[in-house]
Structure formats: structure tokens, C-alpha cells
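[1] heads up, no residue letters with this:
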């Protein structure tokens, strides 16, 4: 079960990275529909924080918006990922 959860987390991080990249690409096209910041933050919160931070660094996306970065940092700290990590550690310690 834990392996499946980890696979889903990895997949979600790839999806999150792609969404940030897509939004960055769309930002260069005038009048193009963008991914809402709220959606990007929810993707980060739902264990996609690693993909989000990699995308922000690689694509230089959302790096000049202090409010977005503060919320991204907060959602990285308060994240269900850490419960999964703790659960995995506990399962391995009990084995």
C-alpha cells in the first residue's frame, strides 16, 4: 500500500511540474487562458510541493510574486506528504 502511495505522490509531482510549466508557457502568449494561482497552490499542497518548487526554479515561474511564494512555503510545511513520510518511517521501524 505504501508503495502505491509513493508512486502516486511521484506521479502527482510530475503532473504538478507540468502544470507549472504549462502555465509559464501560456504566460508568454497574450490573452491565453492560464492556470489559476489557486489551482497551482492546491496542486502544491496535495503533495506536489517538490514538483512545484522544481518548476518555479527551472522555469523561473511565480518567483517575483512574494504573496505566492509565502503561500507556497506555508503549504510546503503544512502538507500531507509529511504524514506519508512519517507513516513510511513507522512502518519500516516496526518491520
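    Looks like it arrived, so ask away. Keep in mind the model is a prediction, meaning the values are calculated, not measured.

[2] Now the element after the helix or strand residue 25 falls within, going C-ward?
    Using DSSP states H and E, residue 25 maps to helix 2-27. Going down the chain from helix 2-27, the next helix or strand is helix 37-43, by DSSP H and E.

[3] what packs against that next one?
    helix 2-27, helix 49-59, helix 66-77 (3 or more Cβ pairs under 8 Å, 6 or more residues apart in numbering; DSSP states H and E). The way it works is simple: take the backbone N, C-alpha and C, and place the C-beta from them, glycine included.

[4] Single out the most deeply packed of those helices.
    helix 49-59 (a mean of 19; mean count of other Cβ atoms under 10 Å).

[5] From the contact counts, what lies against that one?
    Short answer (3+ Cβ pairs under 8 Å, 6+ apart): helix 49-59 packs on helix 2-27, helix 37-43, helix 66-77.

[6] Could you check how far the shortest one is from the centre of its chain?
    Going back to what we said before, that points to helix 37-43. Chain-centre distance of helix 37-43: 8 Å, with Cα atoms, centre = their mean, to the nearest Å.

[7] circling back: any chance of CSV for the helices and strands packed on helix 49-59, columns distance to residue 52 and mean pLDDT?
    Formatted as CSV, the helices and strands packed on helix 49-59 follow (distance: least, Cβ to Cβ, whole Å; pLDDT from 0 to 100):
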stretch, distance to residue 52, mean pLDDT
helix 2-27, 5, 94
helix 37-43, 7, 96
helix 66-77, 7, 94
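
[8] How about residue 44: what's its closest non-neighbour residue?
    What sits nearest to residue 44 in space, not counting adjacent residues and going by Cβ to Cβ, 6 or more residues apart in numbering, is residue 52, at 4.0 Å.

[9] On the three-state scheme, residue 61 is what?
    Recorded secondary structure, residue 61: coil (DSSP: H, G, I helix; E, B strand; the rest coil).

[10] Hmm, it is touching residue 20, no?
    Yes - if you go by Cβ atoms under 8 Å, residue 61 and residue 20 touch, sitting 5.6 Å apart.
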